[in-house]
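A.B. asks: the following block contains a protein sequence and its predicted model.
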Amino acid sequence: MNYETLLCEVNDQVAQVTLNRPQVLHALNTQVFNELEAVFSALAVDPAVRVILLTGSGEKAFAAGADINELANTDAAAGEAKARRGQGVFRLIETCGKPVIACINGFALGGGCELAMACTLRLASETARLGQPEVKLGLIPGYGGSQRLPRLVGQPMALKLLLTGDMINAAEALRIGLVDEVLPTGKLMERAHALAKTIAGMAPLAVAACLQAVREGSEIRLEESIELEAKIFGRLSGTEDKQEGTRAFLEKRPPVWTGR
């Protein structure tokens, strides 16, 4: 498919989705949301794709935030609708069933930081800058940021960022757990592709099951979550990939995964 605000390519079971509005630092407008929804819906059901990388073109920004021109023209009803739309697209990314690695190069502010938090993992270049400055506009994060941020960094740190609107650098983001790795400038995508290749080499059903178990388990009580784990473990135990994995281990050879 052809897109106007992003690029998408697939190589060796890894898809790379690149936001491509450099003139506005990849600000998230209605068209970007529409195209993100389309591309992630397609990649979610593509058997040739096992891992997805998400980044912004160039080195200035991952995504600088929501399109302020659009936000300025919203009333109460339109604002709520816009928030629900963004939440829905980001939830699609979060639950697409495949690992999504955010590759943060430069600014990831407001909606851009929320987009990164909806991904499975976050890698950042040393030049990355992250934050939720919505309070400076008389708003709060509307695309899930007020809920994902405290789950990642804890409530006190999340409130500090939300209430001040401060922007933090990559080293601080790593320290508080907002990102998972910080890479030297120019090494971000190399590391992201290496990590994606490692994950893509694992059993795809097991990878998807790990995502499901952790995501759904974190949203319910422990007694229910361990029951969920047992059911998923049992389901995987009856798959061809589990038979192949155990057989390959015993035969001391690399497994060949079929996703069945």
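C.D. replies: The structure has been received and is ready for your questions.

A.B. asks: close enough to count as contact, residue 109 and residue 165?
C.D. replies: No - the pair residue 109 / residue 165 is not scored as a contact, 9.5 Å apart, by C-beta atoms under 8 Å. For the C-beta atoms, the positions are set from N, CA and C on the backbone; glycine is no exception.

A.B. asks: overlap in contacts, the two.
C.D. replies: 131, 132, 133 (C-beta atoms under 8 Å, 6 or more residues apart in numbering).

A.B. asks: okay, now the last one: neighbour count?
C.D. replies: Residues near residue 133, counting by other C-beta atoms under 10 Å, number 18.

A.B. asks: try residue 142
C.D. replies: 22.

A.B. asks: what helix or strand is the spatially closest residue to it that is not a sequence neighbour located in?
C.D. replies: Closest residue in space to residue 142, ignoring its immediate chain neighbours: residue 83 at 3.6 Å, by C-beta to C-beta, 6 or more residues apart in numbering. Using DSSP states H and E, residue 83 falls within helix 76-94.

A.B. asks: buried residues in that helix?
C.D. replies: 82, 83, 85, 86, 87, 89, 90, 93, 94 (16 or more other C-beta atoms under 10 Å).

A.B. asks: and the next element down the chain from that helix?
C.D. replies: That would be, after helix 76-94 and using DSSP H and E, strand 100-104.

A.B. asks: mind saving the C-alpha coords of that following strand as PDB?
C.D. replies: These are the backbone C-alpha positions of strand 100-104, laid out as PDB (Å, rounded to 0.1, in the frame of the first residue of the first chain):
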ATOM      1  CA  VAL A 100       6.600  -3.300  18.100                       C
ATOM      2  CA  ILE A 101       9.900  -1.500  18.800                       C
ATOM      3  CA  ALA A 102       9.900   2.300  19.000                       C
ATOM      4  CA  CYS A 103      13.100   3.700  17.600                       C
ATOM      5  CA  ILE A 104      13.200   7.200  19.200                       C
END
